[in-house]
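**Q** Below are the sequence and a predicted model; questions follow.
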Amino acid sequence: MPIKPQILAAISGAISAYLAEEEALLAQQATAAAYAPPPGPPPSFWGVAGRQWTMQMRLLAQRRSLK
């Protein structure tokens with residue numbers, strides 16, 4: 001059963017529109033990724049642990065647990 005020329009043209013147009021939309025989306029994502037800010041430095045777990053220790057000591061000093 002041969003495909004009618006009108007149906008073939010509709011299918012071809014839908015496929016080309018889909019491909020054009022995909023290319024535009026990929027181009028948009030590429031430009032968005034190019035302007036993304038660089039990630040900051042990773043957190044220092046030693047610094048976090050030291051800050052937690054300092055805060056705990058201050059809390060104990062405020063409660064007058066340390067003498």
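**A** Alright, I've got the coordinates.

**Q** longest helix anywhere in the chain?
**A** helix 5-34 (DSSP state H).

**Q** Buried residues in that helix, which are they?
**A** Under the neighbour-count criterion of 16 or more other Cβ atoms under 10 Å, helix 5-34 has nothing buried. Every residue, glycine included, has its C-beta placed from N, CA and C.

**Q** following that helix, which helix or strand shows up next?
**A** Next along the chain after helix 5-34, taking DSSP states H and E as the criterion, comes helix 45-62.

**Q** Now do that next one: distance to the chain's middle.
**A** Relative to its chain's centre, helix 45-62 lies at 32 Å (Cα atoms, centre = their mean, to the nearest Å).

**Q** so where is this protein shaky, pLDDT-wise?
**A** Applying pLDDT under 70 to the chain flags residues 33, 36, 66-67.

**Q** can we see that at 80?
**A** Counting by pLDDT under 80, the chain contains low-confidence ranges at 1, 32-38, 42-48, 65-67.

**Q** do you know how far Pro5 is from Pro37?
**A** Noted for Pro5: a distance of 52 Å to Pro37, by Cβ to Cβ, to the nearest Å.
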